[in-house]
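>>> no sequence on hand, only this structure:
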């Protein structure tokens, strides 16, 4: 009965009195009643630190339909960028080049993020469908460079994606949407190297292999590799200098870029 609960249980753990218990129970019920019930349609991707699912639900203030849910092992160091994106969104910064976040929550060492489902084709699919060459590069690269620049400029310090590649950029109505921020991070003053590095080898710069800290130039490096892919239709070699470009048929000023 209220007023007769002990301050601690036999194992020494604190016990709420009746009034405190009622308050906590009501708060829990309120949170549960407002939580979205998500139904998993299919598994999209699994990695060592992240599970990505296509889910259906009707979140508050949003239309019922498909969304993307990521369950991230926060202890691995991944997923911190989603917190930055969430905070920016709450402050009114809505970037057209990233998916809109719907929910963000943490439980134990797992970070759960739900975001809009972006309908469109990845850059990889666009190149497969239209064929590699200057026309596809002109379709994709100028707008993608603007999008990456806007992403960097929206945060202080800049938010660096660190995993730009053809499968992580979706073309929606002719404009790029950058997805998969599990590896993204922000620049840290004085750091000599990244605390962790998740990468796609042929698109990643040397500093992502532990030789330094990634900064905005790391994404610029990946943009150069993306340009090679759009022009050639194949993943770039790890060493992608002018000679490698010329051997692949990319010459002149574009090879210099």
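That came through, no problem. Source: prediction; values computed, not measured.
>>> hey, let's count contacts and neighbours off CA atoms from now on
Noted.
>>> which elements pack onto the host helix or strand of residue 253?
Element membership of residue 253, judged by DSSP states H and E, is helix 252-256. In terms of contacts (3 or more CA pairs under 8 Å, 6 or more residues apart in numbering; DSSP states H and E), helix 252-256 is packed against helix 242-247.
>>> same for the helix it packs on, what does it pack against?
Using 3+ CA pairs under 8 Å, 6+ apart, the elements in contact with helix 242-247 are helix 252-256.
>>> need phi/psi at residue 112.
Phi and psi for residue 112, reported as degrees, to the nearest 10, are phi -110, psi 130.
>>> what sits against it?
Neighbouring residues of residue 112 by CA atoms under 8 Å, 6 or more residues apart in numbering: 69-72, 103-106.
>>> find the nearest non-adjacent residue to residue 64, please.
Distance criterion CA to CA, 6 or more residues apart in numbering; nearest residue to residue 64, sequence neighbours excluded, is residue 58 at 4.0 Å.
>>> one step back: and of the contacts of residue 112, the nearest to residue 42?
The closest of the contacts of residue 112 to residue 42 turns out to be residue 69 (CA to CA; 10.7 Å).
>>> sticking with the nearest residue to that closest one once chain neighbours are set aside, tell me its helix or strand.
Ranked by CA to CA, 6+ apart and with sequence neighbours excluded, the top spatial neighbour of residue 69 is residue 114, at 4.3 Å. Element membership of residue 114, judged by DSSP H and E, is strand 110-116.
>>> in terms of secondary structure, what does the helix or strand just after that strand contact?
Scanning forward in sequence from strand 110-116 by DSSP H and E, the next helix or strand is strand 121-122. For strand 121-122, the packing partners by 3+ CA pairs under 8 Å, 6+ apart come out as strand 169-172.
>>> what are the pairing partners of the strand it packs on, and which direction each?
Strand 169-172 pairs in its sheet with strand 121-122 (antiparallel), strand 175-178 (antiparallel), by DSSP bridges.
>>> of all the ones you listed, which one comes closest to residue 249?
Using CA to CA, the strands paired with strand 169-172 put strand 121-122 closest to residue 249, at 23.9 Å.
>>> residues contacting the closest one, please?
166-172.
>>> 7 Å - rerun?
Contacts of strand 121-122 with the rest of the structure, by CA atoms under 7 Å, 6 or more residues apart in numbering, involve 166-171.
>>> quick one: mean pLDDT over it.
Mean pLDDT, strand 121-122: 96.
>>> give the next helix or strand downstream of that strand.
helix 123-130.
>>> switch the strands paired with strand 169-172 over to CSV; also include distance to residue 160.
Listed next are the strands paired with strand 169-172 as CSV, based on distance: least, CA to CA, whole Å:
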stretch, distance to residue 160
strand 121-122, 20
strand 175-178, 12
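>>> which one of the ones you listed is the most hemmed in?
Mean neighbours per residue, mean count of other CA atoms under 10 Å, is largest over the strands paired with strand 169-172 for strand 175-178, with a mean of 24.
>>> same question for that strand, mean pLDDT?
The pLDDT scores in strand 175-178 average 97.
>>> tell me where the chain has strands.
Secondary structure of the chain (DSSP state E): strands located at 39-46, 50-57, 65-73, 101-107, 110-116, 121-122, 159-160, 169-172, 175-178, 185-186.
>>> let me have the ones you listed in CSV, extended by distance to residue 249.
Listed next are the strands of the chain as CSV, based on distance: least, CA to CA, whole Å:
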stretch, distance to residue 249
strand 39-46, 34
strand 50-57, 37
strand 65-73, 39
strand 101-107, 41
strand 110-116, 39
strand 121-122, 24
strand 159-160, 31
strand 169-172, 25
strand 175-178, 26
strand 185-186, 35
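>>> distance check, residue 244 against residue 88.
40 Å (CA to CA, to the nearest Å).
>>> should've said residue 217
Plainly put, residue 217 is 22 Å away from residue 88 if you go by CA to CA.
>>> these two: which has the busier surroundings?
residue 88 (15 against 12; other CA atoms under 10 Å).
>>> not counting residues beside it along the chain, what's closest to that one?
residue 94 (7.6 Å).
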